[in-house]
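# Got a predicted structure here, sequence first:
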Amino acid sequence: MSNLVAIVGRPNVGKSTLFNRLTQTRHAIVSDEAGTTRDRQYGKCEWGKHEFSVVDTGGWVVKSDDVFEGEIRKQVQLATDEADLILFLVDAQNGVTDLDEQVAGILRGTKKPVILVSNKVDNNETWLAAEFYSLGLGDPYCISAATGSGTGDLLDLIIAKLPKNSDEMPDEMIPRFAVVGRPNAGKSSLINAFIGEDRHIVTDIAGTTRDSIYTRYDKFGFDFYIVDTAGIRKKSKVNEDLEFYSVMRSIRSIENSDVCILMIDATRGIESQDLNIFQLIQKNNKSLVVVINKWDLVEDKSVIVQKTFEQAIRERMAPFTDFPIIFASALTKQRIFKVLETAKDVYENRTRRITAGRLNEEMLPLIEAYPPPSIKGKYIKIKYCSQIPETHVPTFVFYANLPQYVKEPYKRFLENKIRERWNFSGCPINIFIRQK
């Protein structure tokens, strides 16, 4: 299970630059203007054999000093609640500010490991960091996020300080289904509808964090853990910190699951927060079942309306469109059993294996009829393909003479042809082209 590292600090100390450096992306927008980062940034960091998740806690916009202090306090508090380790970033060029002292005050009270990181230390000016000892958080660690100096040692320190995941985790062999979605989509109602009849069959295993409660469900021929995303509760107004909370919690639930059941509110349609969660599911290569909840509240339930709804969802989530969509109601328990059956089917699709003989028999004639487009007068020949055994995601390798010239559209063509012939509904598929 992946650990979560949160980057906190006042605006303009370089949190987004450090985030981009650690995740080796350019996802976070970097600018000199305070409050540039409004949406939460989430990414993966790999260092040696270790992998952990990083959250950039931006999003403080200056309205007035009071509002600002309230927001910064909330943000830091939420980050310390959720993360396994906190990177407290300060700016060596500007020295200690009042805001730094306030954040340090909150962090001194937490039981989580905190690393004080002094950013913008270029040209070995380590003496600049000395004044940060006054914050009472131990030795300041000098880096330059912009040039990358010191970040390797910092990563070694992060790995050393991250807690080892020895907590009791549910049996690996039993599938785990996470119910995710934005606040008020009806996740808790759905889980209550699943387990509400006979409480005594339920065994609760608290996961590594207090929010992911693993509930064992073993009746009617099913046996799986269902992961509830606590903390995304019904709120009349989704404000900034709630959005942050829900994303943090969703990350955890998604990472620890095999199949994600994404709840969408039928009365509100698909919104940007749903797409954010969908992107998290895709980033983590998880299988997907989409549930349109509160279908009982929709007046026109005709087939045409259903088809329009389905089409709109698939268009917004393209190019991955091969996933089941179920119209249900957690309140009236309409089709909730279908949700469980579909999630189980999708889990089985994820573990489907196709023999090399069968795969070549079906795919090679297709590839011959529609070969990859030639590039610079060179013809690309694919002679053999196979499925890699024992991978978390169905993974197929195609061996070609010039693999570097096979582009993304052709990989999608191959994926679509595989999906047409075998049922991988709800599962992501990885396609690799290798030198024969």
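Right, received. Where do you want to start? Numbering: from 1, shown residues only.
# Would you confirm that E51 contacts G43?
No. Contact criterion C-beta atoms under 8 Å: E51 and G43 do not qualify, at 11.0 Å. Placement of C-beta: from N, CA and C, glycine included.
# neighbour-wise, which of those two wins?
Remark: of E51 and G43, G43 carries more neighbours, 17 against 11, as counted by other C-beta atoms under 10 Å.
# count of residues packed around the nearest residue to that one once chain neighbours are set aside?
Leaving aside its chain neighbours, G43 sits nearest to T23 (3.4 Å; criterion: C-beta to C-beta, 6 or more residues apart in numbering). If you count neighbours by other C-beta under 10 Å, T23 ends up with 19.
# who touches W295 in this structure?
Applying C-beta atoms under 8 Å, 6 or more residues apart in numbering, we find W295 in contact with 266, 301, 327-329, 334-335.
# Which among the residues you listed count as buried?
266, 327-329, 334-335 (16 or more other C-beta atoms under 10 Å).
# Same list (the residues you listed) but as JSON lines, adding pLDDT, secondary structure and distance to F413.
Shown next, in JSON lines, are the buried ones among the contacts of W295 (pLDDT from 0 to 100; DSSP: H, G, I helix; E, B strand; the rest coil; distance: C-beta to C-beta, whole Å):
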{"residue": "A266", "pLDDT": "89", "secondary structure": "coil", "distance to F413": "34"}
{"residue": "F327", "pLDDT": "93", "secondary structure": "strand", "distance to F413": "31"}
{"residue": "A328", "pLDDT": "92", "secondary structure": "coil", "distance to F413": "34"}
{"residue": "S329", "pLDDT": "89", "secondary structure": "strand", "distance to F413": "38"}
{"residue": "Q334", "pLDDT": "87", "secondary structure": "strand", "distance to F413": "38"}
{"residue": "R335", "pLDDT": "88", "secondary structure": "coil", "distance to F413": "34"}
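# quick one: which helix or strand includes the residue nearest the centre of the chain?
With distances taken as C-alpha atoms, centre = their mean, L280 lies nearest the centre of the chain, 3.2 Å away. For L280, the host element (DSSP states H and E) is helix 272-283.
# what about that helix, average pLDDT?
Summarised as a single mean, pLDDT over helix 272-283 is 83.
# Run a quick neighbour tally on the nearest residue to I326 once chain neighbours are set aside.
Closest residue to I326 apart from its sequence neighbours, by C-beta to C-beta, 6+ apart: V291 at 5.2 Å. Residues near V291, counting by other C-beta under 10 Å, number 29.
# same deal with L157?
16.
# All the strands of the stretch 101-250 of the chain, in order from the start?
Secondary structure of the stretch 101-250 of the chain (DSSP state E, counting those that start in this stretch): strands located at 114-119, 141-142, 176-181, 204-206, 212-217, 224-229.
# Can you give the contact residues for whichever strand or helix holds the residue nearest to I326?
According to DSSP H and E, V291 maps onto strand 287-293. Applying C-beta under 8 Å, 6+ apart, the contact partners of strand 287-293 are 185-186, 189-190, 258-266, 278, 281, 309, 313, 320, 323-330, 339, 342-343, 346-347, 349-350, 426-428.
# how distant is it from the center of its chain?
Strand 287-293 has its C-alpha centroid displaced from the chain centroid by 16 Å (C-alpha atoms, centre = their mean, to the nearest Å).
# Give me the helices and strands touching the helix or strand that that strand is followed by, please.
Toward the C-terminus, strand 287-293 is succeeded by helix 303-317 as the next helix or strand (DSSP H and E). Judged by 3 or more C-beta pairs under 8 Å, 6 or more residues apart in numbering; DSSP states H and E, helix 303-317 is in contact with helix 272-283, strand 325-327.
# the bottom helix or strand of the chain by mean pLDDT?
strand 204-206 (a mean of 36; mean pLDDT, DSSP states H and E).
# Run through this protein and note the low-pLDDT ranges.
1-2, 25-41, 58-76, 78-79, 165-172, 196-214, 228-250 (pLDDT under 70).
# quick one, phi/psi of the residue of the chain most remote from its centre?
Farthest-out residue of the chain from its mean C-alpha position, per C-alpha atoms, centre = their mean: G377, at 41.6 Å. Main-chain torsions, G377, degrees, to the nearest 10: phi 70, psi 10.
# just use 506 as the starting number from now, easier for me
OK, 506 is where the count begins now, so the last one is G882.
# Contact partners for it?
G882 touches nothing, counting by C-beta under 8 Å, 6+ apart.
# what about the helices in the stretch 506-655 of the chain?
520-528, 570-587, 603-613 (DSSP state H, counting those that start in this stretch).
# Tell me how far the last one lies from the chain's centre.
Average the C-alpha atoms of helix 603-613, do the same for its chain, and the two points are 29 Å apart (C-alpha atoms, centre = their mean).
# F524 versus D589, what's the distance?
Distance, D589 to F524, using C-beta to C-beta, to the nearest Å: 16 Å.
# Who has more neighbours out of those two?
F524 (28 against 20).
# Not counting sequence-adjacent ones, nearest residue to the more buried one?
Excluding the flanking residues, the one nearest F524 by C-beta to C-beta, 6+ apart is D561, at 3.9 Å.
# Work out for me the element S758 sits within.
helix 745-760.
# quick check: angle from the helix holding L785 to helix 808-822?
Relative orientation of helix 777-788 and helix 808-822, computed by axes from the mean of the first three to the mean of the last three C-alpha atoms, to 10 degrees: 60 degrees.
# Show me what helix 777-788 is packed up against.
Checked by 3+ C-beta pairs under 8 Å, 6+ apart, helix 777-788 has strand 681-686, helix 745-760, strand 764-770, helix 808-822 packed alongside it.
# redo that, cut-off 10 Å
strand 546-552, strand 681-686, helix 745-760, strand 764-770, strand 792-798, helix 808-822 (3 or more C-beta pairs under 10 Å, 6 or more residues apart in numbering; DSSP states H and E).
# A588 touches L509, doesn't it?
Yes. At 4.9 Å, A588 counts as touching L509 under the criterion of C-beta atoms under 10 Å.
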